[in-house]
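> coordinates only, sequence not included:
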């Protein structure tokens with residue numbers, strides 16, 4: 001059970017992707033939630049970290065866990081103007097640009 005939980009924590013995989021060599025993912029997830037609520041998981045992780053530290057493979061003073069995720073932005077700043085040679089290449093974007101154009105606004109009704 002613990003190895004299955006540690007596999008998910010180490011890889012960041014969804015619970016449903018837990019390999020078959022571990023107990024069912026529903027059981028592992030339920031047990032993980034129970035252990036977190038009761039404080040058992042904090043003790044387990046602290047004991048594992050202390051064991052690694054005693055073996056010289058881990059320094060608790062230099063380690064932290066960060067669960068945040070910030071995707072990297074491609075290219076330059078958002079406010080920078082794109083190169084004039086480079087335009088929108090996808091057809092959905094080009095279609096949207098046509099419909100947003102002032103020339104594509106609703107025409108006045110035909111008069112006799």
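Received the coordinates, thanks. This one's a predicted model, so the numbers in the text were calculated from it and none came from an experiment.
> now the residue nearest to residue 19 when sequence neighbours are not counted: how far from residue 21?
Closest residue in space to residue 19, ignoring its immediate chain neighbours: residue 7 at 7.2 Å, by C-beta to C-beta, 6 or more residues apart in numbering. In this view, the C-beta of every residue, glycine as well, is placed from N, C-alpha and C. Going from residue 7 to residue 21 by C-beta to C-beta, to the nearest Å gives 9 Å.
> neighbour-wise, which of these two wins?
When residue 7 and residue 21 are compared for neighbours, residue 7 comes out ahead with 16 against 8, by other C-beta atoms under 10 Å.
> Can you say which helix or strand has that one in it?
Using DSSP states H and E, residue 7 maps to helix 2-11.
> mean confidence score for that helix?
Mean pLDDT, helix 2-11: 89.
> by contact count, what packs against that helix?
On a contact count with 3 or more C-beta pairs under 8 Å, 6 or more residues apart in numbering; DSSP states H and E, helix 2-11 meets helix 25-38.
> Let me know the next secondary structure element after the helix it packs on.
By DSSP H and E, the next helix or strand past helix 25-38 is helix 40-54.
> one step back: so for the helix holding residue 7, what gets flagged as buried?
Across helix 2-11, burial judged by 16 or more other C-beta atoms under 10 Å covers 4-8.
> List the residues that contact the residue nearest to residue 19.
Residues in contact with residue 7 (C-beta atoms under 8 Å, 6 or more residues apart in numbering) are 13, 18-19, 22.
> Look up how far residue 20 lies from it.
Applying C-beta to C-beta, the value for residue 7 to residue 20 is 12 Å.
> Could you do residue 3 as well?
13 Å.
> go on, residue 11?
Taking C-beta to C-beta, one finds residue 11 at 15 Å from residue 20.
> For burial, what's the neighbour tally of the nearest residue to residue 3 once chain neighbours are set aside?
Nearest residue to residue 3, sequence neighbours excluded (C-beta to C-beta, 6+ apart): residue 22, at 6.3 Å. Burial of residue 22 is recorded as 17 neighbouring residues (other C-beta under 10 Å).
> doesn't residue 28 make contact with residue 22?
Yes: between residue 22 and residue 28 there is a contact under C-beta atoms under 8 Å: 6.4 Å.
> Brilliant, that's me finished.
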